[in-house]
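Participant: Make a model of this:
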Amino acid sequence: MRFCEPEQLIAKKRRNRLAAADKAVCYLTRGTFKEDSNDAGFTDTRWVELEELYENCGKTPLKNALKKYRKAEEEDVDAAIADFEEGVEHKG
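Facilitator: Below you'll find the model as predicted:
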């Protein structure tokens with residue numbers, strides 16, 4: 001998850017606190033993307049704003065997907081931290 005599209009910000013905006021107008025919650029999303037309703041679509045991975053995910057998925061599917069994402073993220077972070085701590089214990 002991220003709060004903006006860094007490449008769309010000038011250097012000064014990247015260095016300083018983001019203004020509310022520059023913030024947009026985005027998720028790195030693997031999915032089928034279409035140009036319009038007549039397009040069969042193609043599989044890709046891209047940053048997608050939360051609002052677009054809501055519009056295309058709907059509230060309940062989006063909330064369920066985010067819950068699953070957060071659970072997996074928490075498990076991955078906990079495992080990584082445990083690995084770091086294990087490495088520290090073996091060095092000392």
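Participant: Quick one: the strands in the protein, in order.
Facilitator: Secondary structure of the chain, counting by DSSP state E: strands at 26-33, 42-49.
Participant: now for the longest helix that the chain contains, which elements pack on it?
Facilitator: Secondary structure of the chain per DSSP state H: the longest helix is helix 59-91. For helix 59-91, the packing partners by 3 or more CB pairs under 8 Å, 6 or more residues apart in numbering; DSSP states H and E come out as helix 50-57. Placement of C-beta: from N, CA and C, glycine included.
Participant: where does the protein dip in pLDDT?
Facilitator: Along the chain, the model assigns pLDDT under 70 to residues 2, 4-5, 7-9, 88-92.
Participant: Go through the longest helix of the chain and flag the buried ones.
Facilitator: Within helix 59-91, the residues that count as buried by 16 or more other CB atoms under 10 Å are Leu62.
Participant: do the same with stretch 6-21
Facilitator: Of the residues in stretch 6-21, none is buried (16+ other CB under 10 Å).
Participant: Straight-line length of that stretch, end to end?
Facilitator: 13 Å (CA to CA, to the nearest Å).
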